[in-house]
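Enquirer: give me a 3D structure for the following:
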Amino acid sequence: MENIKIAVAGVGNCASALIQGLYYYQDKTAEEAIGLMHWEIGGYRPADIQVVAAFDIDERKVGKDLSEAIFAPPNCTKKFCPDVPETGVKVTMGKVLDGISDHMRDYDPTYTFVPANEKESELADVVNVLKSTGADILLNYMPVGSEEATRFYAECALEAGVGFINNIPVFIASNPIWAKRFAEKNLPVIGDDIKSQLGATITHRVLTTLFRKRGVKLERTYQLNTGGNTDFLNMLNRTRLASKKKSKTEAIQSMCRMPLEAENIHIGPSDHVPWQKDNKVCFIRMEGKLFGDVPMDLELRLSVEDSPNSAGVAIDMIRCAKLALQRGLGGPLEAPSAYFCKHPPKQYSDDEAYAMTEKFINEYRNNIHDLTDYRRRQGQ
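Expert: Numbering: from 1, shown residues only. Presented below is the predicted three-dimensional model:
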């Protein structure tokens with residue numbers, strides 16, 4: 001089988017974890033592949049994913065081989081596969097737009113970006129790179145709040161005829177206008193806002209579902225998060241958080257028996273703690289009533305390395321998008337979006353979304369088996 005060729009817009013910590021993972025699992029067997037939800041999807045394993053293009057705006061990354069760029073400052077995620085070989089992929093200067101928050105332009109460059117002194121790519125430039133490299137799928141890893149930059153790269157995907165995976169809380173797959181455009185081009189889109197493997201959102205959703213199933217009335221809840229990477233630094237600009245808060249809040253509200261009043265639910269990032277680096281610490285509190293209106297409360301602290309926590313999910317999203325391309329499925333992929341993302345076009349419970357995604361994957365597997373059997377009977 002040919003490799004799945006991907007391009008990434010934004011060579012930050014999440015892209016670093018994803019690319020490290022492609023090499024980390026390269027020589028693993030299914031039994032050794034700890035940390036993946038699926039070892040194989042449609043015949044594709046992690047090692048079958050190949051990065052063929054990358055875009056960024058930091059001078060420490062632009063023009064560098066991808067193997068060097070993923071470890072360049074201000075990236076600070078864990079190096080769990082430090083020996084990534086030279087890839088031959090040079091990072092291309094992207095389009096800035098709102099991809100950098102104003103308050104980070106004059107911040108300590110140790111923690112933020114150094115603007116590249118190169119001409120920005122226009123739509124035609126990005127489209128040309130995507131076409132010339134044979135990319136199948138473009139992954140959006142722009143910072144939270146990058147509304148214009150996300151729409152720019154979504155437009156590039158449409159023009160280049162490639163699938164689009166939107167990992168951030170800018171609404172593309174869940175926006176009817178964008179959804180229609182991808183459907184008309186017969187191109188798959190998965191989004192919006194990646195849901196980490198075992199992060200704050202999935203944990204909070206599971207606990208909310210548990211309250212509902214056990215007959216506990218949830219009355220108030222909060223989720224507070226701190227971290228030291230550039231994502232948390234970027235989110236100190238509260239004007240960039242509208243879609244992030246909406247995405248995370250709706251992900252929890254959708255699991256409640258009845259939506260909570262706005263004053264009784266707070267979901268969102270709280271502060272940037274530089275020494276935490278890529279470690280994210282989440283605090284969840286839930287208050288409710290049991291049998292006889294007797295009050296109870298639950299508090300949980302979760303500590304995870306933020307970027308690797310999303311990488312395995314991205315690997316599954318990539319492979320599902322590839323299956324859609326092979327099947328000729330365009331528009332938002334309902335099942336993968338619901339299972340892998342916080343703000344899909346339609347919310348389902350995690351159990352329902354899991355079952356739907358397994359069905360999506362197994363239907364492809366059955367189609368491949370049917371085709372193989374047909375060719376065998378035809379002597380092909």
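
Enquirer: could you pull out the helices in the chain for me?
Expert: For the chain, helices defined by DSSP state H occupy the ranges 13-24, 66-69, 123-133, 147-160, 176-184, 200-213, 230-234, 242-253, 308-327, 334-340, 350-377.

Enquirer: which residues touch the first one?
Expert: This points to helix 13-24. If you take CB atoms under 8 Å, 6 or more residues apart in numbering as the criterion, helix 13-24 is touched by 8, 46-47, 49-51, 54, 66, 70-71, 75-81, 83-85, 139, 141, 167, 229-231, 278, 306-308, 310-312, 314-315. For the C-beta atoms, the positions are set from N, CA and C on the backbone; glycine is no exception.

Enquirer: repeat for the fifth one
Expert: The set of residues that contact helix 176-184 without belonging to it, under CB under 8 Å, 6+ apart, is 154, 158, 164, 171-173, 188-189, 330-332, 345.

Enquirer: quick one: that helix to helix 147-160, angle?
Expert: 20 degrees (axes from the mean of the first three to the mean of the last three CA atoms, to 10 degrees).

Enquirer: picking that back up, of the helices of the chain, give the one that comes closest to Phe291.
Expert: Comparing the helices of the chain against Phe291 with CB to CB, the closest turns out to be helix 200-213 (13.1 Å).

Enquirer: avg pLDDT for the closest one?
Expert: Averaged across helix 200-213, pLDDT comes to 98.

Enquirer: pull out the buried residues from that helix.
Expert: 200-205, 207-208, 211-212 (16 or more other CB atoms under 10 Å).

Enquirer: what's the answer for stretch 315-331, then?
Expert: For stretch 315-331, by 16+ other CB under 10 Å, it's 315-325, 329-331.

Enquirer: so where's the protein shaky on pLDDT?
Expert: Across the chain, the ranges flagged by pLDDT under 70 are 109, 111, 365-380.

Enquirer: and the residue nearest to Cys14 when sequence neighbours are not counted, how many residues sit next to it?
Expert: Spatial nearest neighbour of Cys14, excluding adjacent residues (CB to CB, 6 or more residues apart in numbering): Ser307 at 4.8 Å. Other residues near Ser307 come to 25 when the count uses other CB atoms under 10 Å.

Enquirer: so how many other residues sit close to Glu86?
Expert: By other CB under 10 Å, 9 other residues sit near Glu86.

Enquirer: quick one: it and Ser67 touch, right?
Expert: Yes - between Glu86 and Ser67 there is a contact at 5.1 Å, judged by CB atoms under 8 Å.

Enquirer: ok so, going back, what's near enough to touch the residue nearest to Cys14?
Expert: Ser307 sits in contact with 12-14, 16-17, 77-78, 229, 278, where contact means CB under 8 Å, 6+ apart.

Enquirer: of the contacts of helix 176-184 - the most surrounded one?
Expert: For the contacts of helix 176-184, neighbours tallied by other CB under 10 Å; top is Val189, 31 neighbours.

Enquirer: my guess is that residue meets Phe171, correct?
Expert: No - in this structure, Val189 is not within contact of Phe171 by CB under 8 Å, at 11.2 Å.

Enquirer: which non-adjacent residue is nearest Asn186?
Expert: Asn186's closest residue in space is Gly330 (CB to CB, 6+ apart), at 3.6 Å.

Enquirer: from Glu155, how far out is that neighbour?
Expert: 16 Å (CB to CB, to the nearest Å).

Enquirer: what about stretch 290-301, start to end distance?
Expert: For stretch 290-301, the separation between the terminal residues is 22 Å (CA to CA, to the nearest Å).

Enquirer: what are the contacting residues of it?
Expert: Contacts of stretch 290-301 (CB under 8 Å, 6+ apart): 203, 207, 215-216, 281-289.

Enquirer: from the residues you listed, which would you call buried?
Expert: Buried among the contacts of stretch 290-301 (16+ other CB under 10 Å): 203, 207, 216, 281-282, 284, 286-288.

Enquirer: so of the residues you listed, which ones are in strands?
Expert: 281-282, 284, 286-288 (DSSP state E).

Enquirer: was I right to think Gly288 contacts Arg212?
Expert: No - assessed by CB under 8 Å, Gly288 is found out of contact with Arg212, at 10.1 Å.

Enquirer: buried subset of the contacts of helix 13-24?
Expert: Looks like the contacts of helix 13-24 have 8, 46, 49-51, 54, 66, 70-71, 75-78, 81, 84, 139, 141, 167, 229-231, 278, 306-308, 310-312, 314-315 buried, using 16+ other CB under 10 Å.

Enquirer: now, which of those residues lie within strands?
Expert: Going by DSSP E, the strands hold 8, 49-51, 54, 139 from the buried ones among the contacts of helix 13-24.

Enquirer: for those, could you give me a markdown table that also reports distance to Ala355?
Expert: Putting those into a markdown table (distance: CB to CB, whole Å) gives the following:
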| residue | distance to Ala355 |
| --- | --- |
| Val8 | 30 |
| Ile49 | 25 |
| Gln50 | 30 |
| Val51 | 31 |
| Ala54 | 35 |
| Leu139 | 26 |
